[in-house]
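[1] Here is my input, please return the structure:
(one chain, ligands or ions: 1)
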Amino acid sequence: MKTRMTELYGTEYPIQCGGMMWLATPELAAAVSNAGALGNVTSGIYNSADELRAALDRTRELTSKPFAVNITTMPSIRLSVELLQQYFKVCCEKKVAAIEIAGAPVNTFLGPEYIPMAKEAGVKVVHKVGAVKHAAHAQKVGYDAVIACGFEEAGFPHQDNVGVMVLLPKIVESVDIPVIAAGGMVDGKTLAAVLALGGEGMMMASRFVATKECKVHPNVHKLLLEKTEKDTSLQLRGFLAQWGLQVRALRNEFSRKVEEIEARGGGPEEYIPLMSAELAKKAWEEGECDEAMLTFGQSIGRIYDIPTVAELVDRIVNQAEEALRTSLERVHSR
Ligand SMILES: Cc1cc2nc3c(=O)[nH]c(=O)nc-3n(C[C@H](O)[C@H](O)[C@H](O)COP(=O)(O)O)c2cc1C
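    Numbering: from 1, shown residues only. Just a heads-up that it's a prediction; the model follows:
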């Protein structure tokens, strides 16, 4: 399978893993890259440039294939702008295949010199966007590609709430750089749909959690098999409105606590402790899935097993080819 996405990253298949706080580790990234897709090391997991450097070295020991690094450019108590600038420089120094940015544009949040720095190092810079105007801006300031993130996605979808079925073709019609789709992606049928809509490939995250190589407590895998597309909701809409954001996460005891604070108009002093990354870390490790905000997308409604990453990627590629071929046969044979 060759598309502008595989050419951009140098991968075999047009599939990438999205950034995942705590879970997108060197081990998972290498498993994804070794399977022919693009693995992701999420920089937010680390506390210093040296820790990130060591993680990238570890990933290189585990795979000779290309992989990306996620840098989330949002205001954070843990990760200062100076630290994110250092992370960007480490990615350039280590010449990773790509930097996946989520949040504010690199040129304003980190500085105008950062995109040229990546170009000089041969590192691609890709932005996750939820609106056409943000895709157009990314193209204008020199990004190499955008990821059109429908509001089905886990994490921080844009408050415009546009689904990928409209957002993806709309962005494809609006920019010339490659467009990758995210939100609701799980299998070969979704990849075939993305290609039919003019996208160059897909990014998935929740689906990669449901693999043997993603080291979460068994309760998390059990939950992913049981929950449906109705079991996530958009949360923190009021508090995150100042950044045009919201969170899509599992409906659980924790989300009900958040809803209750929202309903009575609670302030930042109540929300900020809830967003502590440490709570989610504990839940992934100990399996207490009601005690943290667990970011999952609507895609969890279509997760039916826990394969290895290689089984998953192979199955997706075969199913996408089959879906593209048989769709035409289906309509012509009637
Ligand atoms: C467990 C988990 C953690 C995530 N953490 C991050 C993160 O730290 N930074 C980020 O940009 N996106 C994060 N995301 C969002 C994904 O990168 C991606 O945009 C989204 O999950 C795609 O939707 P899907 O999960 O339905 O495939 C996370 C997603 C999941 C499932």
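
[2] contacts and neighbour counts: CA atoms only from here.
    Will do.

[3] Surely Leu83 touches Glu51?
    No. Counting by CA atoms under 8 Å, Leu83 stays clear of Glu51, with 11.5 Å between them.

[4] Mind listing what's buried along stretch 109-117?
    Buried residues in stretch 109-117, counted by 16 or more other CA atoms under 10 Å: 109-110, 114-116.

[5] These in strands, which ones?
    If you go by DSSP state E, the buried residues of stretch 109-117 have nothing in strands.

[6] just these now: which is nearest the ligand?
    Using CA to the nearest ligand atom, Phe109 comes nearest to the ligand of these, at 14.8 Å.

[7] Report the beta-bridge partner residues of the spatially closest residue to that closest one that is not a sequence neighbour.
    Spatial nearest neighbour of Phe109, chain neighbours left out: Thr73 (6.9 Å); criterion: CA to CA, 6 or more residues apart in numbering. Beta-bridge partners for Thr73, by DSSP bridges, are Gly103.

[8] any idea how far Thr73 lies from the ligand?
    8 Å (CA to the nearest ligand atom, to the nearest Å).

[9] Return the residues in contact with that residue.
    Neighbour list for Thr73: 81, 84, 101-106, 109 [criterion: CA atoms under 8 Å, 6 or more residues apart in numbering].

[10] With Gly287 instead?
    Per CA under 8 Å, 6+ apart, neighbours of Gly287: 216-220.

[11] Any of those residues buried? List them.
    For the contacts of Gly287, buried by 16+ other CA under 10 Å: 216-217, 219-220.

[12] what does the model give Ala277 for pLDDT?
    With respect to pLDDT, Ala277 scores 85.

[13] burial count for it?
    16 (other CA atoms under 10 Å).

[14] That one and Ser233: what is the separation?
    As judged by CA to CA, to the nearest Å, Ala277 and Ser233 stand 19 Å apart.

[15] Go ahead and confirm Ile101 touches Ile71.
    Yes. Counting by CA under 8 Å, Ile101 touches Ile71, with 5.1 Å between them.

[16] Just to check, His221 is in contact with Ile303?
    No. Contact criterion CA under 8 Å: His221 and Ile303 do not qualify, at 10.0 Å.

[17] list the residues that contact both of the two?
    Counting by CA under 8 Å, 6+ apart, the common neighbours of His221 and Ile303 are Ala210.

[18] contacting residues around Leu225?
    By CA under 8 Å, 6+ apart, the contact list for Leu225 reads 300, 303-305.

[19] Then Glu291?
    253-254, 279-280, 283.

[20] Low-confidence bits of the chain, can you list those?
    Within the chain, no stretch has pLDDT under 70.

[21] Name the SS class of the nearest residue to Leu110 once chain neighbours are set aside, please.
    Leaving aside its sequence neighbours, Leu110 sits nearest to Gln85 (CA to CA, 6+ apart; 5.9 Å). Look at Gln85: counting by DSSP: H, G, I helix; E, B strand; the rest coil, its state is helix.

[22] Could you do Val41 as well?
    With three-state DSSP as the basis, Val41 sits in strand.

[23] For it, grab the count of nearby residues.
    31.

[24] where do the strands sit along the stretch 51-200 of the chain?
    With DSSP state E, counting those that start in this stretch, the ranges of strands along the stretch 51-200 of the chain come out as 67-73, 98-103, 124-129, 145-149, 179-182.

[25] helices or strands next to the third one in the packing?
    Going back to what we said before, that points to strand 124-129. strand 98-103, helix 114-121, helix 132-140, strand 145-149 (3 or more CA pairs under 8 Å, 6 or more residues apart in numbering; DSSP states H and E).
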